[in-house]
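In: Please find the sequence and the predicted model below.
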Amino acid sequence: MVKFIFGIALLMLTGCTEQSLKNQNSHGLIYCAEANPVSFNPQITTSGSTIDLISNQLYNRLISIDANTGEFLPELAKSWKISKNRKKITFELRQDVQFHHTDYFTPSRNFDADDVVFTFSRLFDVYNPYHFVSGGQYPYFKSIGLDRLIKSIIKESQYSVSFELFDTQSSFLSNMATDFSVILSAEYAKSLEVDEKLENLDHFPIGTGPYKFKDYKRDILIRYYQHEKYWQHPVALAQLVYDITPNSTTRIAKMLTHECDVTPHPNSSQLSILADRKDIQVQKETNLNMGYWAFNTQKAPFNNGLVRRALAHAIDVNKIMQSVFLNNGKRLHSILPSTSWAYQAQVNMPDYNPELAKRLLRQAGIVDGFSMDLWAMPVARIYNPNARKMAELIQNDLKKIDVTVHIVEYEWNTFIKKLEDHTHDSVLLGWSADTPDPDNFFSPLLSCAAALSGKNSANWCDPEFDLLLSNALDTVNIDERKEYYFQAQQMVIQELPLLPIAQGMRFQATSSNVKDIEIKPFGGVSLAKARKE
Amino acid sequence: MVLEYIFRRIILLSFMLLLLCVFTFSLSYLFPGDPLTNLSGVQNVSLHEADDLVQKYKLDHSMPTQFLSFLSRVSEGDWGISFASGEPIFKHIVALFPATLELALYALLASIVFGIPAGITAAAYHKNWPDKLINLFTLLGYSTPVFWLALLLIMGLCLQLGLLPMSGRISLLYEIPDKTGFILVDIFLSDVSYKINAFTDALKHLLLPTIVLSTYPTMVLIRFTRDSMLEVLEQNYIKTARAKGLSRSQLIFHHALRNALLPVIKQIGLQFSTLITLAMITEVIFSWPGIGRWLIDSIYQRDFPAIQGGLLAVSTFIILATVTADVMHSLFDPITRNQTHGKI
């Protein structure tokens, strides 16, 4: 009896929902995201999982980079001009761009030069009322020194704006094209000032992008609506919903039950399950990224280069490549991935040699071994699909040289926040490039500025290394730049503040009826043109 | 008489709640880290903020004063700030608790609807094949761990057959404004065009978690109803009635049922604490956005203020539910009111 009623109910339910979901499904897309967003303003975070959710969906930048040719493309700026001394860059802006109309803000004017001036002055001008809002940290911009580079931003006319720089910098335009350099609304900021709700600028976003913000429920969902008056093209999806699902197995299961239309970063081990299904496609893209093991170089015994080298010699990277990446990644031979134009394979790269590791530890005066913390990311990232497993392998390898490893894990956003306090011994982390410029692998990760802003997880600051980086940025001569980056790469492998491990492939599972999702080789994913068939 | 009984229960309730508050308060000191941070949820306190907070939380006073200030804050709804989200904990609890309550209520309802008739049937056909079948079924139900059953159902019905969704309360594409926090009620109150579709979708999402969560209490109720019914059927007044020639259904429905259900009513109230515990596991497996999943996430994230707040809310609720069930039971059954001492 019970089973009978249950069976009937089940049949009834499945019968009617099939139809209803179809109606709702045709104009909405569900993207299973791996973490809560840290903020809705890309200026104040470098977390890749957050950037994926917000940057390309809610905002536009002045210029963008063509993924294939590496050339700059106009976006909110129609054109740009660089002065002869290369210290002044003038952007001519589009005139037909509208900001989002939402429940909490109705713009009265189109995008213009005031918005550009406001957006970038927030980063470095202490008199900007928003400079100290949300912590006043602009980790990406501080780590590349942009806050010390821009002298002034001048509104030339309503649709023309120029940046005056203290110094020439060859990566300036690339940085303007990153996912962090989005344009905010000055009018919205003014209205929040009147209401004295300044923090809302970063929590209730207003941008010019293809989708506008509707709702965010922590650990549950983010809801965007289509921006009806998007300047670039009509937006196909009426609704874009992010289902926040940190567990990667659950994400795949939801993919199989069609509760998700798109899932980023499936594990390599799950790819075979997905490959069997006709209704699911797996996209595979090469991506400029680097997974590394960073040592806190301000803490003993990791302040000793010999110890760092010993640890690097003690781990078997080939085993990691097999069991963590399942051979879907490339072993790194320098801090730069081999696809970068400044790449040079390093001869000095430590190989697997436990005997040498023991000898090095003895040279460093450590006879009985020691114990250390190893922080492992709780989420799958491109550069490290399973940090926990990698940590366990490292733990095993280090046991052979009498080093005891404690694996430490926190929730992803807490993890990132805690890393900035530099209390860790060592951490498994990585970096996905935002621009094809090689500087993107050095300044945000290992410069002294990055150590101050907390993003340099090796906490390493070497003035000599910083000088190399700034020399490389001072020139536009590609050969000269290469030469500086060769030296910088050698220095990193010589000193080993971090050990580059692997470059991962970016995987994304999508339902077969979902089309035109753009995965960029650098930076986040764009759903602007996404549609359902 | 009744009033006196209820008064005794209320005293007992207050005492229990006081003990719970003492325990919750002491957690701030027992958890690792600075008690000020654990109490307030404010991390990396700057010097001038620290002064304000010490004043607010009366940390420069004696323990009893601190506790009194804790009590007054709890009653005002100031439960501190979550480490993880930076938002007030009370707000989280208010937003999440209805989801758990909804799931638990439906599960309880399902277990009453299926458990009691099944128990009565088993007793009525004592030692016959319906009794044996139901007994076998309860034995199976008892011995199946919740998480295992949940995973089996997900594997079969969701992943293999694709009949039911495996997570959440409703497909996220349906936008239902939060009014009561009870999804079915909210859908009913909303003025969206896809009301019926949303309703069926929500039912579909509810089905598996409700089955999983109700399994254990259903088995308990079946056994309890059966035993209690058998006991009543052994009594002399039933034997007399049977001797007078009443049919089985007349016996059960007119004479035995009311008396047999009295202990069952009490049992239903007691099941609530088991239900909430099991709901936590169910919520995690079905990604049900309730307080259990939130509490377990908070434990994982070492979000001490959230753990404290969550524990306080859940325990208070269970104590309230148990005492309410007890009082209800005594209204139905006058004999229990004669207990001179409170007992739960």
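Out: All right, it came through fine. Keep in mind the model is a prediction, meaning the values are calculated, not measured.

In: ok, and the closest non-adjacent residue to B:Ala95?
Out: Excluding the flanking residues, the one nearest B:Ala95 by Cβ to Cβ, 6 or more residues apart in numbering or on different chains is B:Gly181, at 6.7 Å. (C-beta placed from N, C-alpha, C; glycine too.)

In: meant to ask about A:Cys260, not that
Out: Setting aside the residues directly before and after it, A:Cys260 is nearest to A:Cys32 in space (Cβ to Cβ, 6+ apart), at 3.9 Å.

In: if we can go back for a sec, could I get the contacting residues of the residue nearest to B:Ala95?
Out: B:Gly181 makes contact with B:94-95, B:97-99, B:102, according to Cβ atoms under 8 Å, 6 or more residues apart in numbering or on different chains.

In: ok, now A:Asp219?
Out: A:36, A:244, B:289, B:293-294, B:297.

In: Show the pLDDT at it.
Out: Looking at A:Asp219, its pLDDT stands at 85.

In: doesn't it fall inside a strand?
Out: No: per DSSP: H, G, I helix; E, B strand; the rest coil, A:Asp219 lies outside any strand segment and is coil.

In: wait, is the residue nearest to B:Ala95 part of a helix?
Out: No: counting by three-state DSSP, B:Gly181 falls outside a helix, being coil.

In: separation between it and B:Val45?
Out: Distance of B:Gly181 to B:Val45, given as Cβ to Cβ, to the nearest Å: 33 Å.

In: right, and the helix or strand after the helix or strand bottoming out on mean pLDDT in chain A?
Out: Least confident helix or strand, chain A: helix A:2-25 with a mean of 48, by mean pLDDT, DSSP states H and E. For helix A:2-25, the succeeding helix or strand toward the C-terminus, using DSSP states H and E, is strand A:28-33.

In: helices or strands up against that next one?
Out: Packed against strand A:28-33 by the contact rule (3 or more Cβ pairs under 8 Å, 6 or more residues apart in numbering or on different chains; DSSP states H and E) you find helix A:48-58, strand A:239-244, helix A:248-256, strand A:262-264.

In: want to try TSV for those, with distance to chain B, mean neighbour count and mean pLDDT as columns?
Out: Shown next, in TSV, are the helices and strands packed on strand A:28-33 (distance: least, Cβ to the nearest Cβ, whole Å; neighbours: other Cβ atoms under 10 Å in any protein chain shown; pLDDT from 0 to 100):
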stretch	distance to chain B	mean neighbour count	mean pLDDT
helix A:48-58	14	25	91
strand A:239-244	4	24	94
helix A:248-256	5	21	89
strand A:262-264	13	26	91
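
In: which residues sit in contact with the residue nearest to A:Cys260?
Out: A:242-243, A:245, A:251, A:254-255, A:259-260, A:262-264.

In: Kindly recompute the last result at 7 Å.
Out: A:243, A:245, A:251, A:254, A:260, A:262-263 (Cβ atoms under 7 Å, 6 or more residues apart in numbering or on different chains).

In: swap in A:Asn200?
Out: For A:Asn200, the contacting residues are A:Leu192, by Cβ under 7 Å, 6+ apart.
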